[in-house]
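**Q** Return atomic coordinates for the entry below.
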Amino acid sequence: MSYVNDPIADYLTRIRNAYMANLKTVAIPPSKMKKAITEVLKGEGYIDEYTEEGEGKNKSLVIKLKYYKEKPVIEKLERISKPSCRIYADSDNIPKPLGGMGIAVMSTSKGVISSRMALKERIGGEVLCSVY
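**A** Numbers count the residues shown, from 1 in each chain. You can find the predicted model right below:
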């Protein structure tokens, strides 16, 4: 097993690869941040559901991917803020991927939320990734 420098980028890559392989589910090593991002994706309708399976070191976050007419619902997953270069947005400059058709996932003082929710709440934070 190798060490991953950026677990969120690894998470996004695993989902992206699963969609390219037309898999129904993908298993990912869990963390609180990954679970929070998954909750946002589920709330926004980008994935069907998720469960935590196993115990201890064998624990995994199993995500059921969503397709529409045999095409992936998620067209693009992109990491924005990286460990080497953090990107923050205040409440006036919240990103609107694809002209508002997609979402940005943000880490704020109120937890990990979508850009739509951040606009509604008028809070800023770190822009983790964009999804559309």
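**Q** what residues are up against S130?
**A** In this structure, S130 makes contact with 76-78, 80, 95, 97, 102-105, judged by C-beta atoms under 8 Å, 6 or more residues apart in numbering. C-betas here are computed from N, CA, C, even on glycine.
**Q** Which stretches in this protein count as helices?
**A** Using DSSP state H, the helices of the chain run over residues 7-20, 32-43, 115-121.
**Q** Of those, which is nearest A89?
**A** helix 115-121 (8.1 Å; C-beta to C-beta).
**Q** Give the rounded mean pLDDT of that closest one.
**A** The average pLDDT within helix 115-121 is 96.
**Q** Quick check: M33 touching A9?
**A** No - between M33 and A9 there is no contact under C-beta atoms under 8 Å: 11.8 Å.
**Q** Compare these two (neighbour count), which wins?
**A** Using other C-beta atoms under 10 Å as the criterion, M33 and A9 rank with A9 on top: 17 against 14.
**Q** separation between that one and K57?
**A** Distance of A9 to K57, given as C-beta to C-beta, to the nearest Å: 22 Å.
**Q** What pLDDT does the model give the residue lying closest to S107 once chain neighbours are set aside?
**A** Of all residues beyond its chain neighbours, the one nearest S107 is E126 (4.5 Å), with distances taken as C-beta to C-beta, 6 or more residues apart in numbering. Reported pLDDT at E126 in the predicted model: 98.
**Q** Beta-bridge partners for E126, please?
**A** Y88, S107 (DSSP bridges).
**Q** show me what contacts it?
**A** Per C-beta under 8 Å, 6+ apart, neighbours of E126: 81, 86-88, 106-108.
**Q** Quick check: PyMOL command selecting the buried ones in the contacts of S130.
**A** Buried subset of those, written as a PyMOL selection, criterion 16 or more other C-beta atoms under 10 Å:
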select buried, resi 77+80+95+97+102+103+104+105
